[in-house]
Each structure stands twice: as C-alpha cells, then as structure tokens.
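**Student:** Sequence plus the predicted model coming up.
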Amino acid sequence: QVRLVESGGGSVQAGGSLRLSCAASGRTFNPYVMGWFRQAPGEEREFVAAISWTGVSRYYADHVKGRFTISRDSAKTTVFLQMSNLKPEDTAVYYCAAGPHTDDEALKSKNNYNFWGQGTQVTVSS
C-alpha cells in the first residue's frame, strides 16, 4: 500500500505562486510515475503533470506548460509542483497520485493511477 499526503495549497492572487508537496510512504513499485491532477467543482479530474521514477521524464498538460514545474527529491519520497503565474482558472483541488509507468499517453489518464492523496485546495483570486 502507498500513502500519499499533499500539502502546500492555499489562496493567492492571480500572478502569484504556490508550491505543492506530496510525501509518499509505504510500499512502492518500480518503475512508477507520480502525477498531479486537479478537479474544479462540477468538473472532471484532469491531468496536470507527471514525473517518471528517475525524474528525467516530465509531462505537462498544455494549459500549465511554462507555468508549472514538477520535480522530485533524490530520495524519491517527495514530489513537488511549483506553480507560477497562477490564474483564476487554476482554482481546484489538487491531487497527487502514484501508478505504474506504462506509456507516455496512458500516464495522463487518471485511470493509470492506483493510489491517491486526499487533495489540497488551491484558490486563485482575480
């Protein structure tokens, strides 16, 4: 079992920055990919970013490219999502997830992930 705990959410004004963290513990499978998803009220949960086990490969949704950066620490126990130039449309609950690294397209689907955190709220005001 893998336990994921997110932190770092909050409220910021448009143009501001936040850094989310996801601490992983428990038994993991290698290779596995860590992803960030988000869900706004009344919307589907959508892919934001993902990072491979080695940290070499990173994947982003088009609407966050150039603004968000995903990274992981050398111990591979924590994944970060640095969010800059935030927009009101980035407002959502952000979830961390872990799953097998199958292929580059599959990891953008929430169905690829076996384990999820509880989510952290990000609110961006205009």
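**Tutor:** Now that the structure is in, tell me what you want to look at.
**Student:** and the spatially most central residue of the chain, bridged to which residues?
**Tutor:** With distances taken as CA atoms, centre = their mean, residue 36 lies nearest the centre of the chain, 1.8 Å away. Counting by DSSP bridges, residue 36 is bridged to residue 49, residue 96.
**Student:** tell me the contacts of it?
**Tutor:** For residue 36, the contact set (CB atoms under 8 Å, 6 or more residues apart in numbering) comprises 20, 22, 48, 49, 50, 70, 79, 81, 94, 95, 96, 97. Every residue, glycine included, has its C-beta placed from N, CA and C.
**Student:** out of the residues you listed, who's nearest residue 5?
**Tutor:** residue 22 (7.0 Å; CB to CB).
**Student:** Please identify which helix or strand holds the closest one.
**Tutor:** Of the helices and strands defined by DSSP states H and E, residue 22 is found in strand 18-26.
**Student:** ok, residues contacting that strand?
**Tutor:** The contact list for strand 18-26, computed with CB under 8 Å, 6+ apart, reads 1-10, 12, 34, 36, 76-83, 86, 94, 96, 98, 117, 120, 122.
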